[in-house]
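Enquirer: I need the structure of the sequence given here:
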Amino acid sequence: MTAFKLKVLVADDSKLVHDVFHQISAHSTIPFDVVSAEDGQQTWDALNRGGIHLAFIDVNMPEMSGMEAVGKARTGGNKTFVTLMSANANQRRMQLAQQLRVYEFLAKPFTTEQVMEILKTYCRVTVPSNALVVDDSATVRRIIKKVFANSIFNIDVTEAGNGQTALDYCENGEFDVVFLDCNMPGLPGTATLERLLERDAGVKAIMITGERNESRRRWALDRGAAAFLYKPFNATDVDGELHALFGLRMPQLAGIEPMKLARALPTPSAPVEVQW
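Expert: As a prediction, the model looks like this:
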């Protein structure tokens, strides 16, 4: 049986860049085949045909820029996991890359390790992550599910309305992460956390609360919580915590302040803003 390989689009007008990716492919622990494009039109054609798992696209190419090709593809509904590349990775370009829902922006020259980290992240985000959301408010649980829908991670949600139900679910099922509200009637989140950790010291629990309480945050983290999120949080916050939880490198784009006014390129529909 032939082993499954990712199809990785490498779009660049430099033969050297294509050679680098072929060398990485030859030694990669994550099997992938290189699909080559040498200009913007070929890039858009490859994205439009489909079948590409992830793409590394140079910003400056003949016929059409890499950003224009991605913007055209996004307008048509293409959701390929894209990394842009350029020797000039300035802030404006990174902000435009954010508008195009690009995962990362690699400054040339980049390293094999950087490419492998992106491949590793792609493999993890496409595998379903089982999350238990524990909150006594059905409205809050519904909002959190909407937040998850804008995450780059593929999150399957199980809901629990109280601490005891959460303990029962964890007894009978395995979860990659538990989002646990601090303040609940009956068994509070802090006590639920302690009982979860007593059963399994390796459980990954992210505590959530709308109450700014630094001593409680420190207590939860010292006790063994993986992270602490204050409501309202968004998909970027969730993505940051899941990157850390799964041992993934955060993309450089995550630290760039979004552009507020520029609309220079065609972009996909913006994520729905969730109202808490």
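Enquirer: contacts, neighbours, all on C-alpha from now
Expert: OK.
Enquirer: okay, now Ala131: neighbour count?
Expert: Look at Ala131: counted by other C-alpha atoms under 10 Å, it has 20 neighbours.
Enquirer: those helices in the stretch 51-200 of the chain, which residues are they?
Expert: Assigned by DSSP state H, counting those that start in this stretch, the stretch 51-200 of the chain shows helices spanning 66-75, 91-99, 112-125, 138-149, 163-172, 189-199.
Enquirer: Check which helices and strands the last one sits against.
Expert: If I follow you right, that is helix 189-199. On a contact count with 3 or more C-alpha pairs under 8 Å, 6 or more residues apart in numbering; DSSP states H and E, helix 189-199 meets helix 163-172, strand 177-181.
Enquirer: Out of these, flag the one nearest Gly202.
Expert: strand 177-181 (10.4 Å; C-alpha to C-alpha).
Enquirer: So which residues make contact with the closest one?
Expert: With C-alpha atoms under 8 Å, 6 or more residues apart in numbering as the test, strand 177-181 has contacts from 129-136, 188-189, 193, 203-209.
Enquirer: Give me the angle between it and helix 189-199.
Expert: Here strand 177-181 points in a direction 150 degrees away from that of helix 189-199 (axes from the mean of the first three to the mean of the last three C-alpha atoms, to 10 degrees).
Enquirer: For strand 177-181, give the mean pLDDT please.
Expert: The average pLDDT within strand 177-181 is 98.
Enquirer: So in that sheet, which strands flank that strand, and in what orientation?
Expert: Using DSSP bridges, strand 177-181 pairs in its sheet with strand 129-134 (parallel), strand 205-209 (parallel).
Enquirer: Can you tell me what sits against the last one?
Expert: Contacts with strand 205-209, where a contact means C-alpha under 8 Å, 6+ apart, come from 177-183, 189, 193, 220, 225-231.
Enquirer: And the next helix or strand past that strand?
Expert: Sequence-wise, the next helix or strand downstream of strand 205-209 (DSSP states H and E) is helix 214-223.
Enquirer: Can you list the low-confidence ranges for this structure?
Expert: Low-confidence segments of the chain (pLDDT under 70): 1-2, 259-276.
Enquirer: helices or strands up against the host helix or strand of Ala26?
Expert: Per DSSP H and E, Ala26 falls inside helix 15-27. Counting contacts by 3+ C-alpha pairs under 8 Å, 6+ apart, helix 15-27 is packed against strand 32-37.
Enquirer: Cheers, nothing more for now.
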